[in-house]
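Chemist: let's see this in three dimensions:
(one chain, ligands or ions: 1)
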Amino acid sequence: MSSAQASAYPAYPIEMQMLSPLADTRLSIGASTGTASVVGASVGVDLPDTPSVPLLPISPATSHFDEKLDSLEHKQQYAVGWILVHRLRRTASVLHAFSRRRIGLWCLLLLAAKIAAEFVFYFAGKLPSEFYQVLGDRDRAAFFPLLLRCFFVVVVAGAFKAALDLGAGMLGVEMRQALTLYTHNRYIAETALHSVATQGVIDNPDQRIAQDIEHLSSSLATVLPELLIAPFLVAYYTVKCWTMSGFLGPFFIYLYFIVGALASRCAMPPVIRQVYRLERAEGNFRFLSLRMVEFAESIAFFSGEGHENSVADASLGAVVDVQRLLLWKQFWLALITQVFSYLGSTVSYVVIAVPIFMGRYEDKTGSDLSSIISLNAFVSLYLIYRFSVIIEQAKKLSDIAGFTTRMAQLWEEIDRADEIHYKPMRHSELSVVASDLGVCTPEGVQLISNLDLQISKGDSLIITGPNGVGKTSLLRVLAGLWRPSRGSVCIPLDRAQSPAVFFLPQAPYIISGSLRDQLSYPGRNPGADQNNTRLCSDAEINRILDQVRLEHIVNTLDTAAENRHLAVFDRPFPVQFWLKALSPGEQQKISIGRVLFWNPIFAILDECTSSLDTASECIIYQVLIDAGITLVSVGHREELRKYHRKQLHLSVDGHTLSEI
Ligand SMILES: Nc1ncnc2c1ncn2[C@@H]1O[C@H](COP(=O)(O)OP(=O)(O)OP(=O)(O)O)[C@@H](O)[C@H]1O
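Modeler: Okay, here's the model as predicted:
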């Protein structure tokens, strides 16, 4: 390797092993950021880590919808302008409110480390030129001190590089925690969860929380220090380059930067578009696999493995098709950025060639000239490198814009849900009253109209009617999950230790935790303040298990291997354990146990005994009546009528209310 060749890649001694005539400029200088390239790689790896909701089954029939979603998301990715500024400002204020001190501290430390590291890297970058000088002059006395200094600088540069990675990682974690805590507080709330999660206005809220916030935080943590320090470094190395090679040096480098930035910008949008499509396809693929695990038994009973196999293959096909397309799009982006990367070293020769050929260094000896070439190459390569870092940050900023958009859309949807949240009115009477009530689906399909209903304490009501007529929808309106399309609902005030109204959905909801946690769920009076936690006592657990005929579960828990040192009612088990240990009917009994624990005035039961045998169902209903709980039940079995005083029959033609 000639001295001229060598001097084109002086970079830092710490990265000497990477130096070669074909070395990418950023590979040879990239020690300060740890970034490997600007080749659009980071837009290509944003795959979902969590299963997504079943929004888009994979089938050719959905491709048109996919296309529409694509174009929508494509636009949203570039939702720049004031709306993005507003969203970024909101993100900043959330970070400020949730973790201002820790984030501020990490930002300051990171910036300080970055400035110090740049100094070290500058000295490291000058070392090769000093070696050329010392070796060129055959100066043995100066060689060993220089070698020692080189070793010291390498160690310090390595330490700074590691510290920068640590600082950026910690800052990312702090930001992720703050943004996710804020989102949890807003999303997992009475006003938002049901509406945002079930009404599907925005896709995959789970993915936005678990993945997009993480990507946003880690991107912000790497971009912020780079952008803060970039103007100073560019200015400094521009002046340095100007003094060494005249104005033509910076001119060529700026020109190179502008052309390179424009070219890679042109190739980027198609990549981002395919990344979005890939994310969605991956989400659907994972969702199918998860469903297969969840419904393995049903599939086995149906002998549906063949069908599932072909659906899984089709889903995989959709993923790999997009992956292939993405690789092609990335190829063009990579081609452009790689060509410009390698061109960087050539530009540095041009920069130094001009003053040499113009005779500026005529009076220099061979070793002086080698040293100047090396130092100049370092300065111009570093300036080029700083520009490529800026290009890279610009690309990351568009990623940040995309992730901010996805996160902020979720926040905005939560804001909307908060605004339109409907809460039934409360009154001091012991009755549930519906006046002139209209019930519509979220799509606006009228299910029930002009319903006047008064359910007084002791006047249990059974709601009957054909499938799909709107029985559950009526309960949703009574619970405040759906806003009535017309009229109003009024329910009693909660009491200190128990809610006035307790709703049991059709599907039992089993949680991770102990038997005490299961029966006490949700752990606090749904109507009371957040800190008012109440758990079943041992006596209450024994009573409830006896009432719902579930005493035998204690033996199952007692013989389980986990946490034997704890009392049986307090042994925590994962939800998977509970789902295996309890049959669907037993799971429903656990749910009913919660009603008995909370002892509300009214229990609104949506086919919550559908998995029980008739004898067990009758026992359960009798226990609830004996507990003095007034029931509003949806049920199809004739036996249930005798536990109620009134019947509301819904049909497509209207409704009738009658005494039993
Ligand atoms: N979240 C929703 N978005 C849109 N439509 C819905 C939604 N939930 C229910 N519907 C529609 O409202 C209608 C009534 O549903 P609902 O669940 O209230 O019926 P149901 O009488 O309880 O039926 P079943 O006896 O089968 O439980 C159905 O046609 C259903 O498709």
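Chemist: where in the chain is pLDDT low?
Modeler: Segments of the chain classed as low confidence (criterion: pLDDT under 70) are 1-81, 200, 391-395, 524-532.
Chemist: for the residue located most distally from the centre of it, list the residues it contacts.
Modeler: Among the residues of the chain, the one whose C-alpha is farthest from the average of all C-alpha positions is Asp363, by C-alpha atoms, centre = their mean at 62.8 Å. The neighbours of Asp363, taking C-beta atoms under 8 Å, 6 or more residues apart in numbering as the test, come to nothing; the list is empty. In this view, the C-beta of every residue, glycine as well, is placed from N, C-alpha and C.
Chemist: do the same with the one 5 residues further on
Modeler: Contacts for Asp368 were tallied using C-beta under 8 Å, 6+ apart; they are 133, 136, 361.
Chemist: isn't there a strand covering the last one?
Modeler: No: checked against DSSP: H, G, I helix; E, B strand; the rest coil, Tyr361 lies outside a strand; its state is coil.
Chemist: going forward, count from 57.
Modeler: All set: I'll call the first residue 57, so the last point we hit is now Tyr417.
Chemist: for the closest residue to it other than its chain neighbours, give me phi and psi.
Modeler: Counting by C-beta to C-beta, 6 or more residues apart in numbering, Leu425 is the residue found nearest to Tyr417 once chain neighbours are left out, at 5.8 Å. In this entry, Leu425 is assigned phi and psi values of phi -60, psi -40 (degrees, to the nearest 10).
Chemist: just checking, Leu425 touches Glu418?
Modeler: No: using C-beta atoms under 8 Å, Leu425 is not in contact with Glu418, being 9.9 Å away.
Chemist: need the strands for this structure, in chain order.
Modeler: Assigned by DSSP state E, the chain shows strands spanning 481-483, 487-496, 502-512, 517-520, 542-548, 557-560, 658-662, 686-690, 702-707, 710-715.
Chemist: dump these into a markdown table; add distance to the ligand and mean neighbour count as well.
Modeler: A markdown table is the format used below for the strands of the chain (distance: least, C-beta to the nearest ligand atom, whole Å; neighbours: other C-beta atoms under 10 Å):
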| stretch | distance to the ligand | mean neighbour count |
| --- | --- | --- |
| strand 481-483 | 22 | 13 |
| strand 487-496 | 8 | 20 |
| strand 502-512 | 6 | 17 |
| strand 517-520 | 9 | 23 |
| strand 542-548 | 16 | 19 |
| strand 557-560 | 14 | 21 |
| strand 658-662 | 7 | 25 |
| strand 686-690 | 6 | 24 |
| strand 702-707 | 7 | 18 |
| strand 710-715 | 12 | 12 |
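Chemist: for Lys636, find the nearest of those.
Modeler: Closest approach to Lys636 among the strands of the chain is made by strand 557-560 (22.3 Å; C-beta to C-beta).
Chemist: what would the strands of the chain look like in a markdown table with distance to Ser301?
Modeler: Formatted as a markdown table, these follow (distance: least, C-beta to C-beta, whole Å):
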| stretch | distance to Ser301 |
| --- | --- |
| strand 481-483 | 79 |
| strand 487-496 | 74 |
| strand 502-512 | 78 |
| strand 517-520 | 86 |
| strand 542-548 | 78 |
| strand 557-560 | 77 |
| strand 658-662 | 79 |
| strand 686-690 | 83 |
| strand 702-707 | 85 |
| strand 710-715 | 88 |
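Chemist: Gly360: neighbour count?
Modeler: Burial of Gly360, expressed as a neighbour count using other C-beta atoms under 10 Å, amounts to 14.
Chemist: about what we covered before: tell me which of Leu425 and Glu418 has more neighbours.
Modeler: Remark: of Leu425 and Glu418, Leu425 carries more neighbours, 20 against 8, as counted by other C-beta under 10 Å.
Chemist: report the separation between that one and the ligand.
Modeler: Counting by C-beta to the nearest ligand atom, to the nearest Å, the separation of Leu425 from the ligand is 78 Å.
Chemist: and the chain, which residues reach the ligand?
Modeler: Taking C-beta under 6 Å from any ligand atom as the criterion, the neighbours of the ligand within the chain are 254, 497-499, 503, 521, 523-529.
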